[in-house]
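Enquirer: Sharing a model prediction with you, sequence too.
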Amino acid sequence: MSALELQFWPAEVLRTPAKPVTEFDDELRKLLVDMAETMYLERGIGLAAPQVAISKRILVMDVPSEDSEESNLVSLINPEIVATEGEIWWDEGCLSFPGVTVEVKRHERVQMRYQDQDGAWQEMDASGLTSICLQHELDHLNGVTFVDYLSPLKRKLVLRDLKKTLVELGVNPSA
């Protein structure tokens, strides 16, 4: 297991649609473990492969349940939304945009279709924070970030503040 290097805006990989996974092997299983480790180290609840410079349609997430402290770690490969229901506004954060929270309108419920680590197709119904997390990470796989939902003026202001934060963290925001 090893932590992977997190990518920060404006990394090109965050704006590029990821490629489907076609090989379900030990290398993929290791990547899933490394992505989960990275997500936990960064104190996130979700992580998409482009956020660690891997342009593949892979995400991991572990959304805490209200009534249990057990891990809810799940890995989704080649995920797609097959049905949605309702709308909800949610204040979202993102590991690739440290210190930024943005209110985004999402679907309240989603039904997902995805492959597991062995390539078998699975389905998942999600609501609440799990639904939000899935949609946020799926956006990453499509080359979309949560600031893309903002008006041009609001996006400009948010990204200006983000540049300052990245400089304070020792990250070159023009890389």
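Expert: Cool, got the structure.

Enquirer: sec struct for the residue nearest the centre of the chain, please.
Expert: The residue lying closest to the centre of the chain (CA atoms, centre = their mean) is residue 137, at 2.8 Å. The three-state label given to residue 137 by DSSP: H, G, I helix; E, B strand; the rest coil is helix.

Enquirer: contacting residues for it?
Expert: Taking CB atoms under 8 Å, 6 or more residues apart in numbering, we find residue 137 in contact with 46-48, 59, 61. (C-beta placed from N, C-alpha, C; glycine too.)

Enquirer: mind giving me JSON lines with those residues and columns for distance to residue 85, neighbour count and pLDDT?
Expert: Listed next are the contacts of residue 137 as JSON lines, based on distance: CB to CB, whole Å; neighbours: other CB atoms under 10 Å; pLDDT from 0 to 100:
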{"residue": "46", "distance to residue 85": "20", "neighbour count": "25", "pLDDT": "98"}
{"residue": "47", "distance to residue 85": "25", "neighbour count": "28", "pLDDT": "98"}
{"residue": "48", "distance to residue 85": "23", "neighbour count": "29", "pLDDT": "98"}
{"residue": "59", "distance to residue 85": "21", "neighbour count": "28", "pLDDT": "98"}
{"residue": "61", "distance to residue 85": "20", "neighbour count": "24", "pLDDT": "97"}
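
Enquirer: which of those residues sit farthest apart?
Expert: 48 and 61 (9.2 Å; CB to CB).

Enquirer: circling back to that earlier point, please render the contacts of residue 137 as a markdown table that adds secondary structure and distance to residue 32 to the earlier fields.
Expert: As requested, those are exported to a markdown table (DSSP: H, G, I helix; E, B strand; the rest coil; distance: CB to CB, whole Å):
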| residue | secondary structure | distance to residue 32 |
| --- | --- | --- |
| 46 | strand | 13 |
| 47 | strand | 10 |
| 48 | strand | 12 |
| 59 | strand | 10 |
| 61 | strand | 12 |
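
Enquirer: quick check, nearest of the residues you listed to residue 91?
Expert: residue 46 (14.9 Å).

Enquirer: And the closest one, how close does it get to residue 9?
Expert: 16 Å (CB to CB, to the nearest Å).

Enquirer: Right, I'll call it a day here.
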